[in-house]
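Enquirer: sequence unknown, structure follows:
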Ligand SMILES: [Zn+2]
């Protein structure tokens, strides 16, 4: 008898046994059940609030998009996370919050404005069982295209026709300033137009926020200036649990936890961004609060540990609730 025949016979014996025991998958063909809404979306509970991460896609950051980096050290940090040196692929995340019957979306992804690797957020929303009409509030961490362009249709209309759109006041001012627009390098000019179009499309429902302020109920804003002047995060607290959605404090996890002083070419004020990053990392490592980030490895939840002169990202353990 050949090995394969013996294996087949053994396998058929197993099938017989498992059918007798009622092992799933061994029963005669049935219509496979439809995936329940939200299946596969790793929703976390923060007290009574459900937080569902939505992946919009990814961006490849070229090696020269990282500023202040030492090349040999960058290579070593990439190797430490089993990555090749060179460009870094980073996700673009957004978060859907369900709180007390209200739907809040934090950032909107890039839609079609930044190439074919982005713009998947509407599919994520659909998988979560949410239609854009149902979204009550959209919170924007800053008015860069990978965060706000998803609020607009290709025609420039509001994707979320019933939502209030909250934007940081300092970003609104920066992106509406014609002097900044004329000074900006050519590749940044579309950023201004996207920010302005979004503000216009939501004008009747546009809300501006600044400082540490209560946005709604358990959500408050945290100023994190530097990456953009109004760049902000959001702290959500419910029933003694907390989540710090820190937006773009870290773009490249492999580098910037260890080296918070390294920046991104798109940081409008790289020095301020680095100081803000160090402060946010210090705060998160000190209080142990769960963080989530728009460019942390999807789904982007984790903690910050101190390590040497820098920090280390500790992806959140999963609780396997499905
Ligand atoms: Zn970003």
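Expert: Happy to help now that I have it. This one's a predicted model, so the numbers in the text were calculated from it and none came from an experiment.
Enquirer: ok, residue 307 to the ion distance?
Expert: For residue 307, the distance to the ion equals 25 Å [C-beta to the ion, to the nearest Å]. From N, CA and C alone the C-beta is placed, and that goes for glycine too.
Enquirer: Would you mind giving both backbone torsions of that residue?
Expert: Taking degrees, to the nearest 10, you get phi -150, psi 120 for the backbone angles of residue 307.
Enquirer: Thought residue 305 was touching residue 288, still the case?
Expert: No. Residue 288 is beyond contact range of residue 305, at 9.3 Å (criterion: C-beta atoms under 8 Å).
Enquirer: Write out the residues of the stretch 101-250 of the chain neighbouring the ion.
Expert: The stretch 101-250 of the chain has residues 146, 248 near the ion, with proximity defined as C-beta under 5 Å from the ion.
Enquirer: Mind telling me which residue of the stretch 201-322 of the chain is nearest the ion?
Expert: Residue nearest to the ion within the stretch 201-322 of the chain (C-beta to the ion): residue 248, separated by 4.5 Å.
Enquirer: Kindly indicate whether the nearest residue to that residue once chain neighbours are set aside is helix, strand or coil.
Expert: Closest residue in space to residue 248, ignoring its immediate chain neighbours: residue 227 at 4.9 Å, by C-beta to C-beta, 6 or more residues apart in numbering. For residue 227, the assignment made with DSSP: H, G, I helix; E, B strand; the rest coil gives coil.
Enquirer: what's the neighbour count on residue 227?
Expert: Number of residues near residue 227 (other C-beta atoms under 10 Å) recorded here: 26.
Enquirer: hang on, the earlier thing: so residue 288 and residue 305 - more neighbours on which side?
Expert: For residue 288 versus residue 305, neighbours defined as other C-beta under 10 Å are more numerous around residue 305 (14 against 11).
Enquirer: which secondary structure element contains the more buried one?
Expert: In this assignment (DSSP states H and E), residue 305 forms part of strand 301-307.
Enquirer: Now for residue 145, how many residues are close by?
Expert: Look at residue 145: counted by other C-beta under 10 Å, it has 21 neighbours.
Enquirer: Sorry, wrong one. I was asking about residue 272.
Expert: Look at residue 272: counted by other C-beta under 10 Å, it has 17 neighbours.
Enquirer: which regions of the stretch 201-322 of the chain lie under the pLDDT threshold?
Expert: 319-322 (pLDDT under 70).
Enquirer: circling back: tell me if the residue of the stretch 201-322 of the chain closest to the ion really is in a strand.
Expert: No. Using three-state DSSP, the assignment for residue 248 is coil, not a strand.
Enquirer: and it, how many neighbours?
Expert: The tally of other residues near residue 248 (other C-beta under 10 Å) stands at 28.
Enquirer: returning to what we had before: whichever helix or strand comes after the strand holding residue 305 pairs with which strands, parallel or anti?
Expert: Downstream of strand 301-307, the first helix or strand assigned by DSSP H and E is strand 310-315. Paired with strand 310-315 in the same sheet, following DSSP bridges, are strand 301-307 (antiparallel).
Enquirer: can you pull the contacts of residue 71?
Expert: For residue 71, the contacting residues are residue 63, by C-beta atoms under 8 Å, 6 or more residues apart in numbering.
Enquirer: Recalculate using a threshold of 10 Å.
Expert: The neighbours of residue 71, taking C-beta atoms under 10 Å, 6 or more residues apart in numbering as the test, are 63, 85.
Enquirer: For it, give its distance to the ion.
Expert: 24 Å.
Enquirer: pLDDT weak spots in the stretch 1-150 of the chain?
Expert: 1-36.
Enquirer: Where does it get nearest to the ion, which residue?
Expert: residue 146 (4.6 Å).
Enquirer: In three-state terms, label that residue for me.
Expert: Following three-state DSSP, the label given to residue 146 is helix.
Enquirer: got the contact list for the closest residue to it other than its chain neighbours?
Expert: Once flanking residues are discounted, residue 146 sits nearest to residue 110: 4.3 Å by C-beta to C-beta, 6+ apart. By C-beta under 10 Å, 6+ apart, the contact list for residue 110 reads 56-57, 59, 92, 117-121, 144-150, 194.
Enquirer: list the contacts for residue 131?
Expert: With C-beta under 10 Å, 6+ apart, residue 131 has these contacts: 103, 122, 125, 160.
Enquirer: I'd say residue 252 and residue 66 touch.
Expert: Yes. With contact defined as C-beta atoms under 10 Å, residue 252 counts as touching residue 66 (6.5 Å).
Enquirer: Touching both of these two, which residues are there?
Expert: With C-beta under 10 Å, 6+ apart as the test, residue 252 and residue 66 both reach 74, 88, 259, 262, 263, 264.
Enquirer: Show me which of those is closest to residue 166.
Expert: Distance to residue 166 across these (C-beta to C-beta) is lowest for residue 264, with 23.9 Å.
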